[in-house]
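J.: what's the 3D shape of this:
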Amino acid sequence: MEYIFEKKEDCCGCSACYNVCPKEAIKMTADREEFLYPKINQSLCIDCQLCKKICPVINEKELKNKVEGDFYLAIHKSNDVLKNSTSGGAFTAVSDIFLKENGIICGVDFDDNFCVVHKMAETSEERDRFRFSKYVQSELGDIFIQIKKELIAGRKILFSGTPCQCAGLKAYVGNTSLKKNLYICDLICHSVPSPFIWEEFKKILEKENGGILDEVHFRTKKLDWSRSNSNKSFLFSTTEMNDVQGDERFYKMFFGLLSISRPSCSACRFTDTHRVSDITIADYFGIEEFSPEKYDKRGLSLVIVNNEKGEDILNKMKTDMEMEKRKSSESVKHQQRLSCPISYPENREEFWDNVIEVGLEETMKKYKIFK
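T.: Okay, here's the model as predicted:
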């Protein structure tokens, strides 16, 4: 077999094909934007077609829940959890269930160089590193293989990731006895920015401020929780700085130019209310329109319960969270990725041509991306 997909818009980079290949004929290789794509070694490929059989983009309809889930407004009862969470603390409440049951949490962390990677956690301290948003496509590596080994050993696992990553893992584990101990929590995903842009932006921050990057917050509660503030809350510091400071340039590229995210995000198959996961979490934006008295500047979570497993999680979450069932139409109105994928501008390729030719720093100047 020569290829799994025909266009880059048809590959989300979930790595399920890489992990399932019985001959290790597939490697995930980076393109010029440093998004990973599967490359097949023809000398090793036996044309078994397993990679296509589990590709979540090809098989998305089979992976989605058949009915729309139930929508809830939720807020954690602990002020400390709210302070240290992106929204209303739903992820902490969900993951605490598994920690109490000697389970494993798989989520997104920074490594020592602030690269965004998926890791496993078995303690609350390790899990806490997963709580804040990281707006970069994460490196999955062989995490699916690790998860499968733990499932075979009888461990209960909660996996948290973007819808396409969740779909990839769900397809990889398949309709086997192992799935009973696998619980999947997806996020309502805007799109996934390039690791290359993030690496170049880190270099710019270090060049401008001296020292080495030692703290990063993509979203912080130093500002009151709200949709508008969520795009203003990037904070960082380096070893030469006395305190953290804000910088809006990454968000201006991400949310403004709309040119730094993966090509497949513009053709995402998972932007609807029929989720691939057991439970979905996000910000409950827009509550002030429907029930302004419910707004809380500390943060509010949207929780979507998608099936029986999700219902089981919900019942256990109620110990730690205040929850109220709401109409799905509220969230569909205020969460665009529940109804359609992101649209890229016509000059996306031009932006990338500039980045490759003159570098990110000069490209930001050209596109008037300033602090």
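J.: next up, phi/psi of residue 107, please.
T.: phi -150, psi -170 (degrees, to the nearest 10).
J.: residues in contact with it?
T.: 91, 95, 118, 119, 121, 127, 130, 159, 160, 161 (C-beta atoms under 8 Å, 6 or more residues apart in numbering). C-betas here are computed from N, CA, C, even on glycine.
J.: now, among those, which is nearest to residue 58?
T.: Comparing the contacts of residue 107 against residue 58 with C-beta to C-beta picks out residue 161 as the nearest, at 19.0 Å.
J.: that closest one reaches residue 108, doesn't it?
T.: Yes: between residue 161 and residue 108 there is a contact at 7.0 Å, judged by C-beta atoms under 8 Å.
J.: any common contacting residues for the two?
T.: With C-beta under 8 Å, 6+ apart, residue 161 and residue 108 have common neighbours 118, 138.
J.: which residue ranges form the strands in the stretch 151-300 of the chain?
T.: With DSSP state E, counting those that start in this stretch as the criterion, the stretch 151-300 of the chain has strands at 157-161, 182-187, 213-217, 235-238, 245-246, 279-283.
J.: mind putting the ones you listed in a markdown table, distance to residue 299 included?
T.: Below are the strands of the stretch 151-300 of the chain laid out as a markdown table (distance: least, C-beta to C-beta, whole Å):
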| stretch | distance to residue 299 |
| --- | --- |
| strand 157-161 | 17 |
| strand 182-187 | 15 |
| strand 213-217 | 14 |
| strand 235-238 | 16 |
| strand 245-246 | 19 |
| strand 279-283 | 8 |
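J.: those: which one's closest to residue 200?
T.: Across those, closest to residue 200 is strand 213-217 (C-beta to C-beta), at 12.6 Å.
J.: check the offset of that closest one from the chain's centre.
T.: Per C-alpha atoms, centre = their mean, to the nearest Å, the displacement of strand 213-217 from the mean C-alpha position of its chain is 19 Å.
J.: buried set for it?
T.: 213, 216, 217 (16 or more other C-beta atoms under 10 Å).
J.: what does stretch 305-314 give?
T.: For stretch 305-314, a neighbour-count test (16+ other C-beta under 10 Å) marks 305, 306, 307, 309, 310, 313, 314 as buried.
J.: please apply the same query to stretch 191-209.
T.: Buried residues in stretch 191-209 (16+ other C-beta under 10 Å): 191-198, 200-202, 204-206, 209.
J.: also stretch 240-253?
T.: 241, 247, 248, 249, 250, 251, 252, 253.
J.: now the two most distant members of those residues.
T.: So, the buried residues of stretch 240-253 by C-beta to C-beta: farthest apart are 241 and 253, at 22.2 Å.
J.: residue ranges for the helices of the stretch 251-371 of the chain, please.
T.: For the stretch 251-371 of the chain, the helices defined by DSSP state H, counting those that start in this stretch occupy 287-290, 308-317, 328-334, 348-358, 360-366.
J.: how far away from the center of its chain is the lowest-mean-pLDDT helix or strand in the chain?
T.: Ranked by mean pLDDT, DSSP states H and E, the helix or strand of the chain with the weakest confidence is helix 227-230, at a mean of 84. Taking C-alpha atoms, centre = their mean, one finds helix 227-230 lying 18 Å from the centre of the chain it belongs to.
J.: what's the answer for stretch 354-370, then?
T.: The mean C-alpha position of stretch 354-370 is separated from the chain mean by 26 Å, C-alpha atoms, centre = their mean.
J.: contacting residues for residue 161?
T.: Per C-beta under 8 Å, 6+ apart, neighbours of residue 161: 106, 107, 108, 118, 138, 169, 186, 187.
J.: a markdown table for those residues, including pLDDT and distance to residue 56?
T.: Converted to a markdown table, the contacts of residue 161 look like this (pLDDT from 0 to 100; distance: C-beta to C-beta, whole Å):
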| residue | pLDDT | distance to residue 56 |
| --- | --- | --- |
| 106 | 98 | 17 |
| 107 | 98 | 19 |
| 108 | 97 | 18 |
| 118 | 98 | 16 |
| 138 | 97 | 16 |
| 169 | 98 | 9 |
| 186 | 98 | 12 |
| 187 | 97 | 15 |
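J.: pull the longest helix from the chain.
T.: If you go by DSSP state H, the chain has its longest helix at helix 195-209.
J.: now that helix: average pLDDT?
T.: Mean pLDDT, helix 195-209: 98.
J.: would you mind putting the CA coordinates of that helix into CSV?
T.: Coordinates of each C-alpha in helix 195-209 appear next as CSV, following Å, rounded to 0.1, in the frame of the first residue of the first chain:
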residue,chain,number,x,y,z
PRO,A,195,4.4,22.4,17.2
PHE,A,196,6.8,24.2,14.9
ILE,A,197,5.1,27.6,15.5
TRP,A,198,5.2,26.9,19.2
GLU,A,199,8.9,26.0,19.2
GLU,A,200,9.7,29.2,17.2
PHE,A,201,7.6,31.3,19.4
LYS,A,202,9.4,30.0,22.5
LYS,A,203,12.7,31.0,20.9
ILE,A,204,11.4,34.5,20.3
LEU,A,205,10.3,34.9,23.9
GLU,A,206,13.7,33.8,25.1
LYS,A,207,15.5,36.1,22.7
GLU,A,208,13.5,39.1,23.7
ASN,A,209,13.6,38.5,27.4
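J.: looking just at contacts, which helices and strands does it meet?
T.: Of the remaining helices and strands, those touching helix 195-209 by 3 or more C-beta pairs under 8 Å, 6 or more residues apart in numbering; DSSP states H and E are strand 213-217, strand 235-238, helix 249-251, helix 360-366.
J.: related to what we said a few turns ago, now render the helices of the stretch 251-371 of the chain as CSV, adding mean pLDDT and distance to residue 66.
T.: As requested, these are exported to CSV (pLDDT from 0 to 100; distance: least, C-beta to C-beta, whole Å):
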stretch, mean pLDDT, distance to residue 66
helix 287-290, 96, 27
helix 308-317, 97, 12
helix 328-334, 97, 15
helix 348-358, 98, 35
helix 360-366, 97, 44
